[in-house]
Each structure stands twice: as C-alpha cells, then as structure tokens.
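K.L.:
this is a predicted model, with the sequence first.
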Amino acid sequence: MNQILIILDTLRKDHVGAYGNDWIRTPAMDAFASDAVVFDAAYPESLPTIPVRRALATGIKTFPYYNYQQFKGDPVMMFGWQPIPEEQVTIAEILQKKKVNTALITDTYHVFKSSMNFHRGFNQFTWIRGQETDRYKSGGEAIDPVDEFLVSKPHRSREIKAVLEQYFKNTKERQSEADYFAPRVFNEGMAWLEENHDDPFFLVVDSFDPHEPWDPPEQYRAMYPGAQDYKGQKIICPIYGSTDAYTPEELEYMRACYAGEVTMVDAWLGKFLQKVDDLGLRDSTMISIISDHGHQLGHHGLTGKVPWGLYPELVDLVLMVRSPAFTPRRVPNLVYNVDLTPTILAQSGVLPGSRNVPVMDGRDLTRLLAGETGWEERDHVMVSFQVFLLVVTKKFAYLTDAARSIEELYAIPEDPGMFTNIATQHPKICEDMYQLVLNDAGGYEGLARLNDLRPGMKKPAAEWYNITEST
C-alpha cells in the first residue's frame, strides 16, 4: 500500500466542517472525511512544532524530555525542540530500506534549520523557502510598512515586528495565488506524484500553513465577517499571551484572517487529492491527514500557542485516514499522534518490533480503522507543553504543571470546551488524575527534571526528592 502523510500545521479541529464547524469553508477536508475513518479524540503527546514531528517521524514520545538540550542556531528553547535522537530510527529510514521511494516536501522551515536532521531516510527532500523568519531574503525593502500590522494598543510588539519584516522580504515577489506557500507545497507534491507514482512510495507533504502570518489572497479573507469593511490594524501575526493586547475589532479581524488561511489550504489540499485520483492511485494508497496542534484565538483569553493554555482549541487534533482497506466511520477512542507512525508501517507491511524495526510507543490503529474489537482501549492520554501537562480521560480533563502550582479540572463531555473549573469540588478526582501525571512522567523525579529545565518554578527540585523519600 502506498502511503501519503499530510501534516497541516496550526489547524484547529473546530475550524473544519467535518468536525462540526458551520461557518468556515473546508469542502475538500469535508469530502475527504466522508470517505475516511475520522478520529474524534486525537491528541499530541508533546507540543509544539518540532516535538510533534519527532513523534510522527519515530513513533516514540518526546516527553519527559530527559535528553533535552538547546542546539546552536535555534533560539526557540522549547522542551523537545531538538533533532531526532541518533539512536532513534525514523519511519522514512525503515521504509527506505524496504525499497520504498520516500519523499518529504515541506515549507516548515524549522525542520531544516542548521542543527536539525528531519530529512533522514528520504530519497528526496524539498524545502519551500520563506516561511515566517526563515532567513531566505536579506536585502531590499518589504512591500508593506510593518507598523500597519501591529496592534493599536501600547504593547510589546518587537518580536512580531521582526517576524513580519523578515516575512515580507521573503514574500515580496509573490504575484499570484500559486506563489503562496500552501499552493507551492501542494503543487510540488503533485509534481512529485507525477514523476514517482509507478513505484511503491511514502510521501510526506508537510504544510506550515495555516500557521501565522495569516495573509491569504484577499478573496479568502473576504469570505469572513471580521474582515469585511474592516479599516483597522491588519493583525495577521498574533502576540502570544492575553487578548488584552487587542481591540475587539482587531481580534475579529485576526480570526477572519486565520479562517481565510484555513480555506486557502483546504482549496489546494483539494487539488492535491484530485491529482491522487487522476493518477489512478485511490485504490492503492492510504492517505493520512493530521494537524500538529491548534491555535488560541481568544476563547480562554489567550492568543498564540501559550503552554499553559492546554485547552481544546490548542490540543484537539484533526486526524483522518482514507484507505481502500477501511470503511468510513467515526472513532471515539482516545489516540495519540504517535500512534499514526506504527499504523502507517503496518499498512506498508512492516510491523514494529519485527526484525530491524524498533518497538514504538505508539500503537498500531489498524483494528480501530477496521472497526474490529479487541483493541486495548487507552484510559487516558497526556499532553505536555513545556512544564504544563494535560490529562484527558473519557470523563475528565485535568490541567496542571510540574510543580502542581495550578490545578484545573473539567467534566467531559458536559463541558467539552473546558470553561468551568471544578477542581476545588473534586479533590479526590484531582488526586487520581495527578497520579496519572506521575505515572507518565516517571514519578516525582521526572517532574523535578522539568523544574530543572525551566528555572523560576515555584517548587525547587530538592523538594521533589523530599516528597519522593516520604512516599
């Protein structure tokens, strides 16, 4: 079975029609979902961009970050934001050894930074240059004056200004929609299929859009009310933090820009999926579409991707798999992104744990895809982002940090948006959920390690070891 893995960066699950959205236009994803197995409870095991891609590349969790170190040339400084460890084997390397033609096409510039190694195992790797602060162009003036794109309230905007100055230099030569990033990525994917579809293949198409800056062609932005007749600041790149930085109109405009970017990505995804059908690959190819995470657009008073905001808008994933081997259906089971890797291998005729194939943290989802019984149900998943941790079961969502200085509990599904914190009313449930955190972290020592990695937490590491000795 040929394999296509499509990664869509910063795509919110609740902005896709197939997941219940009724105002943002995503006809290609909706049509794909009608022929696919759609997972309704998929989560990343670690955030953000690079930890997610490490998990997808290897099938191995990044948390609890025991081997974290900052590498030269990358100032992001997020736990897990580092190259794929040398001792870990990638899915591309495994399939390459099986004589499968492998390719990575992406504009996610982080994976090609000087210290990274995410191209391992690919016969072809293509980097579409220029996203965000990619050092693609250094000379000349940007087309747009950057000040028009900053919030009107007095606020820290230096970081956003730097991002936009580089971005506008990178994109100043665009002339048509085909010159935008998502179109370029999917066009490159279509060209690769034209040249390589006769042999067994594994193709990864990794689109950084709908990541900010959100500047789709005007016809996409104009579809949505917040951008219609708007005369204010052009907020296409959010400040990470509180919505206090924005006027209500700026926030609505930003949401319209994001929605327009989602619709543009969907349009070009649709062209790519049509090319798969035109080449006669539909009956011999499994296609998996997954988001890496969502984005905070104000629903909990936050914008950006703020680690302590582990709410549905950030952690709920799009995950859909279409294959001639599986009947379309909805899957309510709790799953991780890391589960997709062994599943793709299994559907390629390779089983994790077999000869020369490592055992993985992810679980093969084949039985769930097929609607069979006997799949061992997870009782919880845990999402980590820096020192913040979210545990989700079928009944509850529990949010805390490594020092347990915050504690939030939400009843799921009565409160699926996680707006009513009931932690103080249910201390026993909180304690049970915290035990799940401890188990996944490797005990107090694992949480102390998070404290050591991030100075300034409320509980010194020494206190963790005192607790350990007394329990």
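P.N.:
Cool, the structure landed. Numbers count the residues shown, from 1 in each chain.
K.L.:
look at the closest residue to Y66 other than its chain neighbours and report its pLDDT.
P.N.:
What sits nearest to Y66 in space, not counting adjacent residues and going by C-beta to C-beta, 6 or more residues apart in numbering, is R449, at 6.4 Å. (Glycine included, C-beta is placed from N, CA and C.) Looking at R449, its pLDDT is 77.
K.L.:
how many residues are close by the closest residue to T366 other than its chain neighbours?
P.N.:
Excluding the flanking residues, the one nearest T366 by C-beta to C-beta, 6+ apart is A346, at 5.4 Å. A346 has 16 neighbours, counted by other C-beta atoms under 10 Å.
K.L.:
got it, and I160?
P.N.:
Residues lying near I160 (other C-beta under 10 Å) number 22.
K.L.:
mind saving the C-alpha coords of whichever strand or helix holds E445 as CSV?
P.N.:
Per DSSP states H and E: E445 is located in helix 444-453. The C-alpha coordinates for helix 444-453 follow below in CSV (Å, rounded to 0.1, in the frame of the first residue of the first chain):
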residue,chain,number,x,y,z
TYR,A,444,8.5,12.8,41.0
GLU,A,445,12.0,12.6,39.6
GLY,A,446,10.6,13.2,36.1
LEU,A,447,8.6,16.3,37.2
ALA,A,448,11.7,17.6,39.1
ARG,A,449,13.5,17.3,35.8
LEU,A,450,11.0,19.6,34.2
ASN,A,451,11.6,22.1,37.0
ASP,A,452,15.4,21.9,36.5
LEU,A,453,14.9,22.6,32.8
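K.L.:
okay, buried residues for it please.
P.N.:
Buried residues in helix 444-453, counted by 16 or more other C-beta atoms under 10 Å: Y444, G446, L447, A448, R449, L450, N451, L453.
K.L.:
what about T400, how many neighbours?
P.N.:
T400, neighbours per other C-beta under 10 Å, totals 23.
K.L.:
Three-state assignment for it, please.
P.N.:
When classified by DSSP: H, G, I helix; E, B strand; the rest coil, T400 comes out as strand.
K.L.:
quick one on the thing from earlier: now, which of the buried residues of helix 444-453 sits nearest S354?
P.N.:
G446 (30.1 Å; C-beta to C-beta).
K.L.:
give me the distance between that closest one and Y109.
P.N.:
Going from G446 to Y109 by C-beta to C-beta, to the nearest Å gives 31 Å.
K.L.:
repeat for A370
P.N.:
Plainly put, A370 is 37 Å away from Y109 if you go by C-beta to C-beta.
K.L.:
of these two, who's got more company?
P.N.:
Y109 (21 against 14).
K.L.:
the closest residue to that one other than its chain neighbours: neighbour count?
P.N.:
Using C-beta to C-beta, 6+ apart and skipping the chain neighbours, the partner closest in space to Y109 is D134 (4.0 Å). Look at D134: counted by other C-beta under 10 Å, it has 20 neighbours.
K.L.:
double-check D134 against V163; I have them as touching.
P.N.:
No. Counting by C-beta atoms under 8 Å, D134 sits too far from V163 to count as a contact (10.6 Å).
K.L.:
how close does the residue nearest to F112 when sequence neighbours are not counted sit to V185?
P.N.:
In space, and not counting its chain neighbours, F112 is closest to W127: 4.9 Å by C-beta to C-beta, 6+ apart. Noted for W127: a distance of 10 Å to V185, by C-beta to C-beta.
K.L.:
find residues that contact each of those two.
P.N.:
Common contacts of W127 and V185 (C-beta atoms under 8 Å, 6 or more residues apart in numbering): T106, D107.
K.L.:
more neighbours, the two?
P.N.:
Counted by other C-beta under 10 Å, W127 and V185 do not tie: V185 has more neighbours, with 27 against 18.
K.L.:
can you pull the contacts of the more buried one?
P.N.:
Contacts of V185 by C-beta under 8 Å, 6+ apart are I105, T106, D107, I128, V205, D206, S207, F208, D209, W268.
K.L.:
mind listing residues that contact stretch 188-197?
P.N.:
Contacts to stretch 188-197, defined as C-beta under 8 Å, 6+ apart, come from residues 2, 101, 103, 105, 124, 126, 128, 203, 205, 271-272, 275-276, 279, 281.
K.L.:
find the residue at the geometric middle of this structure.
P.N.:
Nearest to the geometric centre of the chain sits D292, at 1.2 Å (C-alpha atoms, centre = their mean).
K.L.:
for that residue, give me its contacts.
P.N.:
Taking C-beta under 8 Å, 6+ apart as the criterion, D292 is in contact with I7, L8, D9, T10, P44, L47, P48, T49, V52, R53, L317, N337.
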